[in-house]
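Participant: Mind folding the following:
(one chain, ligands or ions: 2)
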Amino acid sequence: MNIKFWGTRGSISAPGPETTKYGGNTACVEISNSDTLAIFDAGTGIRLLGEDLLRRSSGRVEGHLFISHFHFDHIVGFPFFRPLYGKNNKFTVYGCEGTGRKLENIFVGQMSPEYFPVTMSEMPAELQFVQVTTRPLNLNGWTITPAYINHPGLALAYKIENGKSKVVYMTDNEPFRYLLRQQARKAEIFDDLKTGKVELEREDLLLVDFFEGADVLIHDGQYTQAEYPSRLGWGHSFFEFAVEMAVQGHVKKLMLFHHDPDRTDAALDKEVEKAQSLVRSRGLFLEVDAAREGLEIALP
Ligand SMILES: [Zn+2]
Ligand SMILES: [Zn+2]
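Facilitator: Ligands and ions are numbered 1, 2, ... in the order given. Got it, this is the predicted structure:
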């Protein structure tokens, strides 16, 4: 299977001269082979993926769209995904159950006349909506397993396995310690962050088990450790936490993702270098990089 990043930014798109390397489009990752097309999130990056799919297709585009959660940066590209305007095309959209609204209605709502000039019923493609829990799904021989992660509202990570490779898409995830226990242990949290210590809670370790041995872990890396104390509870990780999670889970390659809109290319380069030297100083084998638009990773 092949991974391709179409949008790597978090929170809001951030175009401009200082984000040309990693890109300004919000979350969208394509994982595909010749038989199967799976797309993770419909941030602004999905627009260019749509154009590319139409160019690649021989008249019909069929795919599966997995949504981590429904914050703007993960769904705003949906109405601009051009394959949905072709009547021969077919898409199945997956998202979490339990938000209090039906999955389909969340998308219908986004395309109501107040927000967008075309309604969903005017989209000619065949669309199906599937609410998922943590039960694994079978997709042309691939297994896709969702897991709930730690983010305001509900959010899912997805594990994709084809029998040879394992990829995990886990964006918008915050350390459990700092969210669940922030009131009781605020002082302790700040002390920890000053010393650079990263502690994983039992709930984090359940996610580590979930992605154990992954070839590629795409994980939230929105903040620096210094920024994080002023953003507790916002639902995101800092670089050192993402590294610690990947190390504990014996991951081969960590791709930092959901870059802060204020993070320039130069600043992100520096954070990647810091993360790489952190891994080296501990004598560990883990490849660390930051996801950038257009980057592809080929796996068996
Ligand atoms: Zn987000
Ligand atoms: Zn979010």
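Participant: gap between the residue lying closest to Ala298 once chain neighbours are set aside and ligand 2?
Facilitator: Excluding the flanking residues, the one nearest Ala298 by C-beta to C-beta, 6 or more residues apart in numbering is Asn2, at 5.3 Å. Any C-beta I mention is one placed from the backbone N, CA and C, and that applies to glycine too. Using C-beta to the ion, to the nearest Å, we find Asn2 at a distance of 26 Å from ligand 2.
Participant: Give the bridge partners for Asn2, please.
Facilitator: The bridge-partner assignment for Asn2, based on DSSP bridges, gives Ser32, Ala298.
Participant: how about the residues of this protein near ligand 1?
Facilitator: Along the chain, the residues adjacent to ligand 1 under the rule C-beta under 5 Å from the ion are 10, 73, 172.
Participant: which residues does the closest residue to ligand 2 within the stretch 201-300 of the chain contact?
Facilitator: Across the stretch 201-300 of the chain, no residue is closer to ligand 2 than Gly235, which sits at 5.6 Å (C-beta to the ion). Neighbouring residues of Gly235 by C-beta atoms under 8 Å, 6 or more residues apart in numbering: 150-152, 155, 172-174, 179.
Participant: which ones among those residues come in contact with ligand 2?
Facilitator: Residues of the contacts of Gly235 in contact with ligand 2 (C-beta under 5 Å from the ion): Asp172.
Participant: Dump the contacts of Gly235 into CSV; add neighbour count as well.
Facilitator: Below are these laid out as CSV (neighbours: other C-beta atoms under 10 Å):
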residue, neighbour count
Asn150, 23
His151, 21
Pro152, 13
Ala155, 25
Asp172, 30
Asn173, 26
Glu174, 28
Leu179, 17
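Participant: Tabulate the contacts of Gly235 (CSV), appending pLDDT and secondary structure.
Facilitator: As requested, those are arranged in CSV below (pLDDT from 0 to 100; DSSP: H, G, I helix; E, B strand; the rest coil):
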residue, pLDDT, secondary structure
Asn150, 95, coil
His151, 94, coil
Pro152, 91, coil
Ala155, 96, coil
Asp172, 98, coil
Asn173, 97, coil
Glu174, 95, coil
Leu179, 68, helix
